[in-house]
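> Need coordinates for the following:
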Amino acid sequence: MVSEKIPYGKQSIQEDDLAAVQKALQDDFLTTGPKIKEFEEKFANYVGAKYAVAVSSGTAALHLACLAAGLKPGEELITSPLSFVASANCTLYCGATPVFADITEQGLIDPAEVEKKITAATKIILPVHYGGLPCDLEAIQKIASKHNLVVIEDACHALGARYKESKIGDCTYSQMSCFSFHPVKHITTGEGGMITTNSKDLYEKLLKLRTHGITKNPELFWYKDEGPWHQEMQELGYNYRMTDFQCALGMSQLTKIDSFIEKRRELANKYGEAFKKNPELEMVEEQNDLVNSYHLFILKVKNGKIRRTLFEYLKERDILCQVHYLPIYLQPYYRQKGYKPRLCPNAEQFYEKIISLPIYPSLMEQEQNRVIVNIQQFFMSTRKSRIAIIPARGGSKRIPRKNIKHFLGKPIITYSIECAIKSGLFDEVMVSTDDKEIAEIAIRAGAKVPFLRSEKTANDFAHLAEVMGEVLERYELQGKTFDYFCCLLPTAPFVSVEKMQECFSLMIEKNYDSVCPVRRYTYPIQRALKIEGEKLSMINPENLTKRSQDLMPAYHDSGQFYWMKTESFKRHKLLWTTNSGAVILSDLEVQDIDTEEDWKIAEVKYRILQDSEYASITEEKPKVSFKVGTRIIGSNQPCFIIAEAGVNHNGDFNLAKKLIDVAAAAGVDAVKFQWLTAEGLYVPDAGHFRNEWGEEVDIYQVWKKTEFPGWWIPDLAAYAQSKGLILFASVFDEKGVDILDRHVGMFKIASSETTHLPLLKKAAFTGKPLIFSIGGAQLKEVQEAVATVASTGNKSLSILHCVAKYPAPPSSANLKALKTISTFFPEVVVGYSDHTMDYMGVPSAAVALGAKIIEKHFTLSRAMEGIDHKMSLEPAELKQMVQVVRETEKQLQEGKHIYIDQAWLGDGEITLTEEQRSMMKFVRRKIFVVKPIKKGEVFNPENISVLRPGNRQVESALDPKHYWEIMGKKASCDLFPYTVLTKEDWWNE
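The predicted model follows:
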């Protein structure tokens, strides 16, 4: 059976897309109709720009952008050589000259190289967001401002990507951004493109250039007295228009863009996991503050010589990869114009190694598995053999039986054996020993001991090279040869899989004979001293007057392992040669173990390295902090105090401002409201609810009164900023994310929304920090929520421990959960959303236990009418709480004891307690039908929604995590508004 071909890219067209195009074809306009303007407005809103101009292709977008910027003959445009030819051709269309600046390891134009290429003729910098990963726009903008240049972003690969807090296309760092809607891009219109800008002048110029240079705007006419039919061609333009039915397709596709990007990121993550341990492969890594939208998944083959073989191997198996791109200046046309090879050496080296793997939303799991398995099989078939040799003699001069002495509970040699096996780098892991007890321990740990050492090497005088030579010779006598070997020492408990892989990769990539990890001498060895009798002198007295910083850094091998090419070793009989490389380790990662004192020091170092709190020092794990504006929240920072105004504004704008005044006077860091609509929160017939004080309330109407109008946000944000506060809000639906995105620096997700994964994804895709509380959540649900945020590439996350009871007694605080959160989620900032009425002891204890964020409800007066006033602090109490938190921090710095009532600690379990169960059943979201759906009709965001059930019985209803799974499927029966959606209601085709 012939397998179906898997292309590297492919459009994802669904029934709603076909329906949109069919409807457009039946309308009065096929071109220059209302759908063009509608698509432009929706696209501009999505990326966050003021204006958008739809054109016939990405190439047309680039050309018009250059024309609108005034590029003309004699001028230059600087761009990346690693792109489709249109990125440079647009320059030639204007009669100008393209100039190429070299790239970084990520394939992105290097700002430092850009600045080197600037001349008096330079007019435009055109950075290319290669593959979907944003360039360093801030650095490029600074260069452009310094030299008075225009920046045009080639964002054809990067729809949906984010740079810091900006979505690509919002033109925060540029004058214009250009997009492509080719079938392999994130969304498609067949062919098509878009230009975004925040400049009205550029917008009007682009509109004119798109349509032959013609304007219909009477205000711009030369001839003022012509009739209503009049239009004028005022400059040479082009027919770069898009049709209405293309725009209809584009709008339909745009509604699914977040799910398309999410799918691409899932595919990319799976590729990354599959290939990360292959030392012959390398991926383009996503960086902090950047969100890659993965138009391409770029795999680097370190040995570029086998790239073509891999490409052909996959093609023979109907896996159609691609290579993006031959540097533009090497294209024959550009060579004929005088561009020379080696113009951008990084780009050429990058090109020689890369291959683009299949990635598109409709790529099925079994298809991706086929790609992965075939690549793995290829490298297995071409893989050169490798052995780990662990030399472990029975004797030891200073520490008896050192190689099998117990190090923190197990024989020290087992650390090396386990690391070698875990790495997956070796065909065989063997121990070379002369001792039967060592052999038995090694075998139990998983190593092989095929023979004991000969008398020649079973002594104190045998050098490591002799031992390695003997092992290799004896294997050859058995008919086994190895292309590479790693001499891995038995007393190296700090050895890590990552460093072994890094050293091996370096050896392959640079074609070294050998590579080993090294450590820098902390004190310059050139200034070493000697003692003769009692007399002290310098070994090299000529260095006496030289400053330490002026001496060349000196290193020594770490004593952990040595990678070698077997062929080179046989020639030199040495573990390193003049063609050797090194990877530098920190002092903490290295410890010679020759004495009992060394042994104790090693145990201390090992414990430190295993401590997750040490991550910020070793940099093996990310720092647990994130930035909002200029404020850093997290590790080594003061506790970030949030005054939760919530819905205590009672729908009154002036009352909201008074709440901000109170928060500022209390000395908090931020004030938070809740942005919600009753329609986006509950089903209309959610019923009644008896609140904590016995009052019977109509759920829908109560929340209707607390709605937070969108127009408040910019005014309140500016007012809060004038008071020195950060303003943000809890969001409860995707609409809220869109409304708030331009005006707030971060989002809060309430405890009730922990399982609302579509909302989490939407908020996370903004790239802004997320804070979510987890009251009433199970640990598994929190793990799913964190994984959802991580899948978007957003790494700025905080989890707030919370008890979903209003108010919560201090005895239910369960503050041990703070430690549980930090243990299970070491890469998030841990905080506490405090629902108790205690404003002194409990917040102080939470800070002492590691909370870096404290959130507390407040009001002007608990006597006010409203849903949350009775469980909120009054102004004086809020101010006192802030003072207590700051005093607690001061006492902690001074090493003083903080009082913690044992009743507040609880058991630390993250679970749904009985006292929270009824509340969670009431507010946890389910998927509801919101418009009539006929049997066979496709589910879409217009006819289903994720809502709170209130008193509705929803045991069989689907959870929000199934939302995107359902999207695009067909209803199996007629469905009516505000009925729950169950598995039986849709066909899983």
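> For the rest of this, base every contact and every neighbour count on C-alpha atoms.
Will do.
> Please give me every residue in contact with the residue most central in space within the chain.
With distances taken as Cα atoms, centre = their mean, the residue of the chain nearest its centroid is G793 (2.4 Å). By Cα atoms under 8 Å, 6 or more residues apart in numbering, the contact list for G793 reads 286, 290-292, 765, 767.
> May I see the residues you listed organised as a markdown table, with pLDDT, neighbour count and distance to F561 added?
Converted to a markdown table, these look like this (pLDDT from 0 to 100; neighbours: other Cα atoms under 10 Å; distance: Cα to Cα, whole Å):
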| residue | pLDDT | neighbour count | distance to F561 |
| --- | --- | --- | --- |
| E286 | 78 | 13 | 30 |
| L290 | 88 | 22 | 36 |
| V291 | 91 | 28 | 37 |
| N292 | 95 | 28 | 36 |
| F765 | 89 | 25 | 43 |
| G767 | 88 | 27 | 41 |
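> My guess is Y899 contacts P843. True?
No - if you go by Cα atoms under 8 Å, Y899 and P843 don't touch, sitting 11.2 Å apart.
> Pick out whichever of these two has more residues nearby.
More neighbours surround P843 than the other of Y899 and P843, with 25 against 12 (other Cα atoms under 10 Å).
> quick check, the more buried one in a helix?
Yes - with DSSP: H, G, I helix; E, B strand; the rest coil as the criterion, P843 is located in a helix.
> gap between the nearest residue to T792 once chain neighbours are set aside and A665?
Leaving aside its chain neighbours, T792 sits nearest to F765 (5.9 Å; criterion: Cα to Cα, 6 or more residues apart in numbering). Shown here: F765 relative to A665, a distance of 34 Å by Cα to Cα, to the nearest Å.
> now swap in M364 and tell me
Taking Cα to Cα, one finds M364 at 56 Å from A665.
> what does P809 give?
For P809 relative to A665 (Cα to Cα), the value is 27 Å.
> ditto for E75
From E75 across to A665, the span is 56 Å (Cα to Cα).
> neighbour count winner among these two?
The residue with more neighbours, out of E75 and A665 and counting by other Cα under 10 Å, is E75; that gives 19 against 14.
> I'd say that one and I118 touch.
No - taking contacts as Cα under 8 Å, E75 lies outside contact range of I118: 11.1 Å.
> tally of neighbours for the nearest residue to D698 once chain neighbours are set aside?
Leaving aside its sequence neighbours, D698 sits nearest to H688 (Cα to Cα, 6+ apart; 4.5 Å). H688 has 16 neighbours, counted by other Cα under 10 Å.
> For H688, which residues are in contact?
By Cα under 8 Å, 6+ apart, the contact set of H688 is 696-699, 950-951.
> Tell me the pLDDT of it.
As predicted, H688 sits at a pLDDT of 73.
> Please, where are all the strands along the stretch 451-600 of the chain?
Assigned by DSSP state E, counting those that start in this stretch, the stretch 451-600 of the chain shows strands spanning 484-488, 514-520, 529-532, 535-538, 555-557, 561-565, 580-585.
> name the element L818 belongs to?
Assigned by DSSP states H and E, L818 belongs to helix 817-824.
> Taking helix 817-824 as reference, get the angle to the helix or strand that that helix is followed by.
As assigned by DSSP H and E, the chain's next helix or strand after helix 817-824 is strand 829-834. Per axes from the mean of the first three to the mean of the last three Cα atoms, to 10 degrees, the angle that strand 829-834 makes with helix 817-824 is 150 degrees.
> So which other helices or strands are in contact with strand 829-834?
strand 631-634, strand 797-802, helix 817-824, strand 853-857 (3 or more Cα pairs under 8 Å, 6 or more residues apart in numbering; DSSP states H and E).
> Touching the second one from outside, list them.
In other words, strand 797-802. 626, 751, 769-776, 813, 815, 817-818, 821, 828-835, 853.
> next one: the last one
Applying Cα under 8 Å, 6+ apart, the set of residues contacting strand 853-857 from outside is 633-634, 639-646, 800, 829-835, 843, 847, 871-873.
> Same question for the third one.
Around helix 817-824, the neighbours that count as contacts under Cα under 8 Å, 6+ apart are 799, 801, 828-832, 846, 849-851, 907-910.
> what is the orientation angle of it with strand 797-802?
Angle, helix 817-824 to strand 797-802, by the same axes, to 10 degrees: 150 degrees.
> quick one: helix 817-824 to chain centroid distance?
In this view, helix 817-824 has its centroid 22 Å away from the chain centroid, taken as Cα atoms, centre = their mean, to the nearest Å.
> returning to that earlier point: Serialize the strands of the stretch 451-600 of the chain to TSV and add fields for mean pLDDT.
Compiled in TSV, the strands of the stretch 451-600 of the chain are given as follows (pLDDT from 0 to 100):
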stretch	mean pLDDT
strand 484-488	96
strand 514-520	91
strand 529-532	83
strand 535-538	81
strand 555-557	86
strand 561-565	95
strand 580-585	91
